[in-house]
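Enquirer: no letters, just coordinates:
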């Protein structure tokens with residue numbers, strides 16, 4: 001989860017609370033009220049928040065606070081053995097299977113290196129901040 005970003009949330013970027021529950025339809029109400037944001041949780045309840053996305057100012061670390069959502073994605077690491085230099089192994093990181101497979105095809109065995117493994121890994125991607 002990423003820190004709450006008011007402009008991104010009002011523009012429709014995905015928002016969750018600290019429990020991972022989606023909060024949608026976030027709108028800003030007129031000033032003068034400490035709870036200037038209103039949003040609807042997945043379970044249908046309505047939550048009110050400060051402009052900073054805080055649910056309860058008396059408990060600023062509450063899990064009910066708002067955060068920018070991230071999505072889990074799978075990346076791949078190609079691990080290569082350098083056939084020209086004894087014992088040298090290196091890896092290239094790719095954020096998609098297509099990128100990893102393309103490298104494997106263009107850098108195939110017979111060009112001084114051998115692909116030992118292609119390993120998947122999970123990472124979080126934020127629509128407001130990229131790879132986490």
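Expert: Right, received. Where do you want to start? Because the structure is predicted, anything quoted here is derived from the model rather than measured. Numbers count the residues shown, from 1 in each chain.
Enquirer: check the chain for its longest helix and report it.
Expert: For the chain, the helix with the greatest residue count under DSSP state H is helix 97-106.
Enquirer: distance between that helix and the chain's centre?
Expert: In this view, helix 97-106 has its centroid 23 Å away from the chain centroid, taken as Cα atoms, centre = their mean, to the nearest Å.
Enquirer: and for stretch 60-67?
Expert: That offset, for stretch 60-67, works out to 18 Å (Cα atoms, centre = their mean).
Enquirer: and what of stretch 59-72?
Expert: For stretch 59-72, the distance to the chain centre is 13 Å (Cα atoms, centre = their mean).
Enquirer: pLDDT of it, averaged?
Expert: Regarding stretch 59-72, the rounded mean pLDDT is 89.
Enquirer: what does it contact?
Expert: By Cβ atoms under 8 Å, 6 or more residues apart in numbering, the surrounding residues in contact with stretch 59-72 are 1-5, 8-9, 13-19, 22-23, 26, 37, 39, 47, 49, 53-56, 122-129, 132. Bear in mind the C-beta positions are built from the backbone N, C-alpha and C, glycine included.
Enquirer: now do the buried residues in that stretch.
Expert: 64, 65, 66, 67, 68, 69, 70 (16 or more other Cβ atoms under 10 Å).
Enquirer: cool, stretch 20-33 as well?
Expert: 23, 26.
Enquirer: what about that stretch, start to end distance?
Expert: With Cα to Cα, to the nearest Å as the measure, the first residue of stretch 20-33 is 26 Å from its last.
Enquirer: residue 88: which of the buried residues of stretch 59-72 is nearest?
Expert: residue 70 (35.3 Å; Cβ to Cβ).
Enquirer: roughly how far apart are that closest one and residue 14?
Expert: Distance, residue 70 to residue 14, by Cβ to Cβ, to the nearest Å: 8 Å.
Enquirer: just residue 53 next, same as before
Expert: Residue 53 sits 13 Å away from residue 14, going by Cβ to Cβ.
Enquirer: which of these two has more neighbours?
Expert: In this view residue 53 and residue 14 are compared by other Cβ atoms under 10 Å, and residue 53 has more residues nearby, 21 against 17.
Enquirer: what about that one, distance to residue 28?
Expert: In terms of Cβ to Cβ, residue 53 sits 11 Å off from residue 28.
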